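In: structural data only, the sequence is not supplied:
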């Protein structure tokens, strides 16, 4: 069984310079790594607290212990024990450390977020939705880790089979990614496809160390996606997750994680940044070597006969004008 890998980062300052989203930088700070450990191995109560901290770093700095206990559905005594477990004397000391870490990583982001939220207050639902999509894509672009992306490209290029999995709305994202990857990988399997869990499990049966699973999941996370990802990992397959947060249950099961913010005022999540990530990933793969560029050209030539252009527009036969007989 493969052990979970947790990236080691010495401090919040070094994490902030790594080209990641602020949320991922926080998760890779010294405090964030402690929270990730509790999220993975702590009690159910500790997992809820760690999850809340990892998703709401800025909000936590304004919460008293009673408010936090209510948000996490635990007692104030549990919050205090959690703080001591992480090496702090009390919750106040832990909150101060979170504030210091947030100050390093989040300050520019929070200014931008405040500006956007102020503009959204007067927006219609349609405008707010479009603004959320733009914000998510912009945040994704600013936080894209090029080094991690190139590592994913190398992993995909070497894989005997690339499995792509998503349930629910994520199944459409998985289908899009699988279609894009098809010409450039040795073998691509869309795990869920037309079926459900049973079909997905059958498709993953033979996954092994020579393969890679790309799993896509956003709130609300599909339990089957988590279980089948664990199955693939237990059988030695590499795992790449496209998800929204370092606190996502998929993050702990993955060798590589690509974050796509999915905030939305109405919907459970937005797919705009996920689509942008998929297009960025495939673009990098296509241009990663000359062979892929040639494959792209060959694919375009093969499809040209089936695409709309002036040379293949069927012409309507012209009827000869007939003069009436005298």
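Out: Right, received. Where do you want to start? On a predicted model such as this, the values are computed, not experimentally measured, just so you know.
In: find the residue at the geometric middle of the protein.
Out: Most central in the chain under Cα atoms, centre = their mean is residue 243, positioned 2.2 Å from the mean C-alpha point.
In: count of neighbours near the residue nearest to it when sequence neighbours are not counted?
Out: Closest residue in space to residue 243, ignoring its immediate chain neighbours: residue 250 at 5.0 Å, by Cβ to Cβ, 6 or more residues apart in numbering. (Each C-beta comes from the backbone N, C-alpha and C, glycine too.) The local packing of residue 250 (other Cβ atoms under 10 Å) involves 24 other residues.
In: so how far is residue 102 from residue 250?
Out: 24 Å (Cβ to Cβ, to the nearest Å).
In: same thing with residue 51?
Out: For residue 51, the distance to residue 102 (Cβ to Cβ) stands at 17 Å.
In: between those two, which has more neighbouring residues?
Out: Taking other Cβ under 10 Å, residue 51 and residue 102 do not tie; residue 102 has more neighbours (22 against 19).
In: excluding chain neighbours, what is closest to that one?
Out: Closest residue to residue 102 in three dimensions, ignoring its sequence neighbours and counting by Cβ to Cβ, 6+ apart: residue 57, at 5.1 Å.
In: ok, that neighbour - contacts?
Out: Residues counted as contacts of residue 57 (Cβ atoms under 8 Å, 6 or more residues apart in numbering) are 23, 26, 98, 101, 102, 106.
In: this structure - how does it break down into domains?
Out: According to automatic domain parsing, the chain is divided into the following domains: 12-112, 146-301.
In: now stretch 249-265, how far from the centre of its chain.
Out: Put simply, stretch 249-265 sits 4 Å off its chain's centre (Cα atoms, centre = their mean, to the nearest Å).
In: and if you look at stretch 69-79?
Out: Centre-to-centre, stretch 69-79 and its host chain are 29 Å apart (Cα atoms, centre = their mean).
In: before we move on, what SS does residue 156 have?
Out: Assigned with DSSP: H, G, I helix; E, B strand; the rest coil, residue 156 falls in the helix class.
In: now do the contacts for it.
Out: By Cβ under 8 Å, 6+ apart, the contact list for residue 156 reads 162, 181, 185, 212, 214, 240, 285.
In: let's see 7 Å
Out: Shown here is residue 156, whose contacts under the criterion Cβ atoms under 7 Å, 6 or more residues apart in numbering are 162, 185, 212, 285.
In: so which residues of this structure form strands?
Out: Read by DSSP state E, the chain holds these strands, from start to end of the chain: 162-165, 188-190, 212-216, 238-243, 256-259.
In: can you tell me what sits against the longest one?
Out: Right, the one you point to is strand 238-243. Outside strand 238-243, the residues touching it (Cβ under 7 Å, 6+ apart) are 152, 155, 212-218, 229, 232-233, 250-251, 253-260, 274, 277.
In: who does that strand pair up with?
Out: The partner list of strand 238-243 in its sheet, established with DSSP bridges, is strand 212-216 (parallel), strand 256-259 (parallel).
In: so which of those strands comes closest to residue 39?
Out: When those are ranked by distance to residue 39, counting by Cβ to Cβ, first place goes to strand 256-259 at 13.7 Å.
In: hang on, the earlier thing: who is the residue nearest to the centre of the chain paired with across the strands?
Out: With DSSP bridges applied, the residues forming beta bridges to residue 243 are residue 259.
In: for the domains of the chain, give me TSV that also has mean pLDDT and distance to residue 140.
Out: Listed next are the domains of the chain as TSV, based on pLDDT from 0 to 100; distance: least, Cβ to Cβ, whole Å:
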stretch	mean pLDDT	distance to residue 140
domain 12-112	80	7
domain 146-301	88	4
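In: residue 127: which of those is closest?
Out: Taking Cβ to Cβ as the criterion, residue 127 comes closest to domain 146-301 out of those, the separation being 10.5 Å.
In: picking that back up, which of the contacts of residue 57 lies closest to residue 176?
Out: Comparing the contacts of residue 57 against residue 176 with Cβ to Cβ picks out residue 23 as the nearest, at 24.2 Å.
In: that closest one: neighbour count?
Out: Neighbour count for residue 23, taken as other Cβ under 10 Å: 23.
In: ok, it touching residue 248?
Out: No: at 10.1 Å, residue 23 and residue 248 do not qualify as touching, with contact defined as Cβ atoms under 7 Å.
In: return the backbone torsion pair for residue 204.
Out: Backbone torsions for residue 204, taken as degrees, to the nearest 10, come to phi -90, psi 0.
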